[in-house]
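Enquirer: Mind folding the following:
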Amino acid sequence: MKHAGFAAVSAVLLAAAPPVYAQEMKAEVIHWWTSAGESAALKVFADQFTKAGGTWIDSAVAGGANARTAAINRTVGGNPPTAMQFNTGKQFDDLVENNLLADVEASAAEGKWKSVIPEAILNATTRRGKMYAVPVNIHGQNWVWYNKSVLEKIGGTEPKNWDEAIVLLEKVKAAG
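Expert: Reported below is the predicted structural model:
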């Protein structure tokens, strides 16, 4: 069962090294989850890996940019960690295009991940038709908050798309 241990923790922990085989079951993981809450979340992955018989080697690096730089330098230098936390984007694309990441497609197929992961997230983690990352959390910076009492005042309801939101904003503006 290749990738079994670290695929569960990958995700935007990426599989940077060749597959870890069952007899080895050792995974060095570079990440930036260093706050108390993040460390507690990461411990869930580490505990599950250990419970499955593996040895988790925690390589925490404070700060996302610092951790990504450390992971990229190690990978490009020929000494990649087993898995690394990452954000999808240009650096992720470069690693895949330069064949510096192992895909997690076998684990994805075995676990039927593509039947439960939303399309937008699949698109973010898939390159060249294969998954190279396993999403473990999602941060969004495009949140929109609204005040229900203001919507009620203008007779509006929760918008389902941007066009509806613009119409509602015009109504709110007109209502003062």
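Enquirer: Strands of the chain, residue ranges please.
Expert: 13-15, 26-31, 55-60, 83-85, 126-127, 130-131 (DSSP state E).
Enquirer: okay, now K148: neighbour count?
Expert: 10 (other CB atoms under 10 Å). For the C-beta atoms, the positions are set from N, CA and C on the backbone; glycine is no exception.
Enquirer: again with L100
Expert: There are 16 residues near L100, going by other CB under 10 Å.
Enquirer: For the closest residue to it other than its chain neighbours, grab the count of nearby residues.
Expert: Distances taken as CB to CB, 6 or more residues apart in numbering place T75 nearest to L100, at 5.1 Å, with adjacent residues excluded. By the criterion of other CB under 10 Å, T75 has 20 neighbours.
Enquirer: for M84, same thing?
Expert: By other CB under 10 Å, neighbour count at M84 equals 31.
Enquirer: and the longest helix for this structure?
Expert: Longest helix of the chain, by residue count under DSSP state H: helix 36-51.
Enquirer: the inter-axis angle of it versus strand 26-31?
Expert: With axes from the mean of the first three to the mean of the last three CA atoms, to 10 degrees applied, the angle from helix 36-51 to strand 26-31 works out at 170 degrees.
Enquirer: Packing partners of helix 36-51?
Expert: Packing partners of helix 36-51 (3 or more CB pairs under 8 Å, 6 or more residues apart in numbering; DSSP states H and E): strand 26-31, strand 55-60.
Enquirer: Buried deepest among those strands, which one?
Expert: strand 26-31 (a mean of 23; mean count of other CB atoms under 10 Å).
Enquirer: Spell out which strands sit alongside it in the sheet and which way each one runs.
Expert: strand 55-60 (parallel), strand 83-85 (parallel) (DSSP bridges).
Enquirer: on that earlier part again, would you turn the helices and strands packed on helix 36-51 into JSON lines with distance to V44 and mean pLDDT?
Expert: Shown next, in JSON lines, are the helices and strands packed on helix 36-51 (distance: least, CB to CB, whole Å; pLDDT from 0 to 100):
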{"stretch": "strand 26-31", "distance to V44": "13", "mean pLDDT": "95"}
{"stretch": "strand 55-60", "distance to V44": "11", "mean pLDDT": "96"}
